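Q: return atomic coordinates for the entry below.
(chains A and B)
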Amino acid sequence: MQTPHTDLGPTAKPAAPLRYRAERLRLTGRVQGVGFRPFVYRLANQHGLTGWVQNQLGEVEIFVEGCPADLEQFRTELIASAPPLARPLIAAIREAECQLLQNFSIRDSASQREARIFVPPDNFTCPDCLAELKNASDRRYRYPFINCTQCGPRYTLINAMPYDRPNTSMAGFPLCPACAAEYHNPADRRFHAEPLACERCGPSLELVRDDETIATGNEDCLHLAVNVLYDGQILAVKGIGGYHLLCDAANSSTVAELRRRKNRPDKPFAVMFPEGDDDDPLACLRQHVTVSEDEAGALLHPARPIVLLRKQASSVLAQNLAPGLAELGSFLPYSPLHHLLLDAFGGPVVATSGNVSGEPVLTDRNTAQERLGPIADVFLHHDRPIVRPADDSVMRRTGGAVRPSRIGRGMAPRELEIPVALDSPVLAVGGQMKNTIAIGWKNRVIVSPHIGEMDSPRSLLVLDTVARDLQKLYGVRAVQVLADRHPGYTTHRYAANLKLPCTWILHHHAHASALVGELGGEDSWAVFTWDGVGLGEDGTLWGGECLVGRPGNWRRFASLAPIRPPGGDAAARQPWRSAAAMLWADERDWDGIPDPHRIAYTAWQKGINCPTSSAAGRLFDGAASMVCGIEDCSFEAQAPMFFEALATPGEQMPGALPLLRHEDGIWRSDWRPMLPMLLDPHRSKQHRATNFHAVMARVIVDQARKVRDETGINRVGLTGGVFQNRILADAAMRWLRLDGFAASMPSVMPCNDAALSFGQVVEFAAGGGSQHE
Amino acid sequence: MNEPRVSLAQGNGGRFMRELIQDVFVRHLANDDLDTSLDSAVLDFPQDRLVFTTDGFTVQPLEFPGGNIGSLAVHGTVNDLAVAGARPLYLSLNAIIEEGLPLAQLERIIASLAAAAQEAGVRVVTGDTKVVPCGQGGGLYLVTTGIGIRMADIQPRPALIQCGDAILISGPVGDHGTAVMLAREQFGLEGDLASDSASVLPLTSALLQFDGLRFMRDPTRGGLACVVHDIVRSCRLGVALDEWMIPVNGPVRSVCEMLGYDPLYLACEGRILAVIDAAQAAAALECLRALPGAAEAACIGTIIDSPPAVILRTDIGGERMLQELEDDPLPRIC
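A: Sure, this is the predicted structure:
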């Protein structure tokens, strides 16, 4: 044991002590559960430095000593060469006294109490593991559950913090000696890789047909599973965050059968493509879809999200994958199991969530067998339990950047920081559709992965579990619950039953605050919150609002001329209702309205179940219906998606719609002058669709100009589900910027209702919301 | 223009009132126990376990396809007694008449009330009449109070409900609510839409033969959904309903679809929902289907061991929660 001989002074040391310096570094950011300490260990050894590294209170503390030049190099590489999943930030560096340690060591973690905990999301299979997977001499050759500190499942297998193996769903798999040696070797890239496993000690596959196990060995299972795909049958596969349904994407009759069994006539399916070699991992994908550089970056991100990409005319894939749409949801294998399946199959497969429409993806073997039994011919199970679901993430290029429309596996839980610290921890339960929840305390907000539509009991069960789990994992206990003010939302009722003080946040205030919470800034904003429906301040349904101000203080500045679609919620499924409401409001009639007995019209005249709505989403529905003749939708936003697919980007700003200030002080854009154009059979559908999108983008510019004229505000945000529409978002962003506005859209959180939970926290932290329903 | 109408004078306690009572009420409702010279009826009971209920009727319009406020005032109260396992015997009748109500209409309504009472085997034995000034009432309000006696030893009640019990409905739901709404708003629809207003006494009498019967209720205001939520609230168990098994008449379904209403929330006035031991469900169903007005009786769900919630299962394997009725249902989805 070496101890400094202080009595002799440093000059008496043997090894060139005069040139030695020592430093203590404190690192924050994402540094735990990502292989950061072994990386520091290897880096220090590489530069001949001694000292130690230790996890402390969720941060990493490093003591390091050696030559100044080596130290400098060490500091640079500490950030620049950090493992892909790590996001280290040097919080503090200070000079320390040399201790002349003999080696560099990894010290045991300090207590996790009060720790700054990070729950890592689930990630892809890293290149190192992929190389081993394909290396016949490696002991994990073709092992479907290979992983390391840089890759593999995290969020979906953690039972409790700290993130150690006994606290994960791998607790039931004792390490074999070879794995244990890697796990305990600080120099190994699997040092403390908690889900570490191999063929000998880890999870394994099982193939089931008609409730009977037909294969168990990994190789047998893979071989037979691939044959199931070849045979044009449907395979349910247990992945990282839940089950997928897989089938041959080139076989249109199989795809049609899947649609029939899933009762999903039109909604697009995502397609998983085999990953090519290092020269071009996207080689196969490029044969079927067009990929820009930033889209390629998104596809290859460790989260391996689904990215919506433009179909190529030459693609030989089934035509019924995304009927009526110009794009195809595309992604790459994200787990070793998927790599093995796709490589063996050699072509793209449909990979759609194994769930009943709108519910969270299924994770449990028995439930999957029961509920997917009528859909899947064969099940490929494995025995690593999924603690909680994580559906695939989805991204799309809109408004000049690739942005998420669903945060799930690999992207969530997602942490964001808020400028105003919360006095006490809160739970925000979000909205009704595409829901997420969030917990917030101090300056931190953690947003859950996508949960789903909140109508089903399973969605509510998952929401409840995730709400409890996130609080447990992060060691916080909410004393306040935040929910949407709409009393009919499942989440509103859930919040009201929690026996905690509730604060109700207006839907569009939450949308606007989510945008500002992500993009920051002290200035006031004009935020366009355009979506399908949300309860507004005045008791009517909003969704075409221009809100001015900042979190905690929003004012409705401008809106759209309202309509009264007959049948309330039915308008979401039947876009002709919005068309009828638009036309009747202008005293027009149209033979495309399927109302032979004038029941809907009488109801509209008498105001029976025809609630007033200023939602932009309804106008897109109505216009789509008028142009395309769509009566019924089998999935949300189907009509506007078809409509968008017809449109081309508007080059020049079209003429303006009337924008008038009403008695209540609110500016409203009147869309009625567009009606003759929309109904004109002499113009092509493409022309009408293009024109409508351009005019709606122009509405945004005109309203933004009014805001600037009156208030001087120049920062404009676009959010709400309608801005998932690329044609609209691109045009609005371009024209706003040409007009000198600082225009932006969210890119960390989706612009749709998935952002409500985060927005509720931001709005509440800034003093917004009401205690009265 | 000159049709006879009810005047304020007919409610002042004098001759006009006596004549109104005699000419309209007594003429139709006369029976051995009704003596308008007394302020109270004196009644004999064969046993001492009485069942007692009261209900007010304010329906608009007063007359609608399939019934009117008069027949409804009998069926509503009779059915409340019937689902409690009782045989109704006596009714009281309070009529609050708005000045100006056409006498002919009043007479039609009271005649209909009398016919309904006779059919259900109850006697109106006491009553009261008031006339309120024009503009202070909806034409006619009726209040009936009913007394019955228990028919069987078992007393159906929520406390008897157990996991696994079957839920039966005696016929299509939503008829009354739809018919009244269409009549009130003058949709001008001709056709098969009529209220189901009827006495459920034959149905409840039949079901009382089953010792596995747990609970009966007539799904009136708030419809089937409201009754099921009441069950969930009082027995703290879950209910799973099979959506495709719930009978809904075709015209009701298409009108509701067009208007964006859910028939599960709309009133019935001649149906019962029964919870019964699953082992006796098939026999009970057979028994019901043989009775008039219950040919379409169906087993629509099960009591399940889950947190209190109503889950609606669809024939394609979906599940959604059937929420309690909001005062004013607002669209929730985009």
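
Q: I'd guessed A:Asn443 sits against A:Pro419; true?
A: Yes. Contact criterion CB atoms under 8 Å: A:Asn443 and A:Pro419 qualify, at 7.4 Å. C-beta coordinates here come from the backbone N, C-alpha and C atoms, glycine included.

Q: so what's the closest residue to chain B within chain A up against?
A: Using CB to the nearest CB, the closest approach of chain A to chain B is made by A:Gly532 at 2.2 Å. Neighbouring residues of A:Gly532 by CB atoms under 8 Å, 6 or more residues apart in numbering or on different chains: A:Met433, A:Gly543, A:Ala572, A:Ala615, A:Gly617, A:Arg618, A:Glu636, A:Ala637, A:Gly721, A:Val722, B:Ile333, B:Cys334.

Q: buried among the residues you listed? Make that a ChimeraX selection.
A: Of those, the buried ones can be selected in ChimeraX as follows, counting by 16 or more other CB atoms under 10 Å in any protein chain shown:
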select /A:433,543,572,615,617,618,636,637,721,722 /B:333,334
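
Q: the residue nearest to A:Val429 when sequence neighbours are not counted: what secondary structure?
A: In space, and not counting its chain neighbours, A:Val429 is closest to A:Thr491: 4.2 Å by CB to CB, 6 or more residues apart in numbering or on different chains. With DSSP: H, G, I helix; E, B strand; the rest coil as the basis, A:Thr491 sits in helix.

Q: cool, and A:His381?
A: Recorded secondary structure, A:His381: strand (three-state DSSP).

Q: and if you look at A:Ile727?
A: helix.

Q: and the residue of chain A closest to chain B, what helix or strand is that in?
A: Here A:Gly532 sits within strand A:525-535, counting by DSSP states H and E.

Q: what's the helix ranked longest in chain B packed up against?
A: Of all segments of type helix in chain B, defined using DSSP state H, the longest is helix B:103-120. Secondary-structure packing of helix B:103-120 (3 or more CB pairs under 8 Å, 6 or more residues apart in numbering or on different chains; DSSP states H and E): helix B:27-29, strand B:63-64, strand B:67-68, helix B:69-83, strand B:86-98, strand B:123-132, strand B:140-150.

Q: up against chain B, what does the stretch 551-700 of chain A have?
A: Residues of the stretch 551-700 of chain A found near chain B, taking CB under 8 Å from any CB of the partner chain as the criterion, are A:566-572, A:595, A:597, A:599-600, A:602-603, A:606, A:608-609, A:611, A:613, A:615, A:617, A:636-637.

Q: switch the cut-off to 6 Å
A: A:567-570, A:572, A:599-600, A:602-603, A:606, A:609, A:611, A:617 (CB under 6 Å from any CB of the partner chain).

Q: please apply the same query to chain A.
A: A:263, A:356, A:432-433, A:455-457, A:488, A:531-533, A:567-570, A:572, A:599-600, A:602-603, A:606, A:609, A:611, A:617.

Q: among those residues, which lie within strands?
A: A:Asp531, A:Gly532, A:Val533 (DSSP state E).

Q: export these as a markdown table, with columns for pLDDT.
A: Shown next, in a markdown table, are those (pLDDT from 0 to 100):
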| residue | pLDDT |
| --- | --- |
| A:Asp531 | 96 |
| A:Gly532 | 93 |
| A:Val533 | 90 |
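
Q: tell me the most buried of the helices and strands packed on helix B:103-120?
A: Comparing these by mean neighbour count (mean count of other CB atoms under 10 Å in any protein chain shown), helix B:69-83 comes out on top with a mean of 28.

Q: give me the beta-bridge partners of A:Glu61?
A: A:Arg26, A:Gln54 (DSSP bridges).

Q: burial of it, as a residue count?
A: A:Glu61 has 17 neighbours, counted by other CB atoms under 10 Å in any protein chain shown.

Q: just A:Gly536 next, same as before
A: Counted with other CB under 10 Å, residues neighbouring A:Gly536 total 23.

Q: ditto for A:Ile79
A: A:Ile79 has 14 nearby residues by other CB under 10 Å.

Q: next one, pLDDT for it please.
A: For A:Ile79, the pLDDT comes out at 90.

Q: average pLDDT for the longest helix of chain B, rounded please.
A: Averaged across helix B:103-120, pLDDT comes to 97.

Q: coming back round to it: which one of the helices and strands packed on helix B:103-120 lies nearest to B:Asp165?
A: helix B:69-83 (16.2 Å; CB to CB).

Q: please list all residues in contact with A:Thr50.
A: By CB atoms under 6 Å, 6 or more residues apart in numbering or on different chains, the contact set of A:Thr50 is A:Glu65, A:Leu101, A:Asn103, A:Phe104.

Q: can you pull the contacts of the third one?
A: Contacts were defined as CB under 6 Å, 6+ apart; by that measure A:Asn103 touches A:Thr50.

Q: distance of it relative to A:Pro385?
A: For A:Asn103, the distance to A:Pro385 equals 39 Å [CB to CB, to the nearest Å].

Q: and the strands in the stretch 301-450 of chain A?
A: Applying DSSP state E, counting those that start in this stretch to the stretch 301-450 of chain A gives strands spanning A:306-311, A:327-331, A:349-353, A:378-382, A:394-398, A:401-406, A:414-428, A:438-447.
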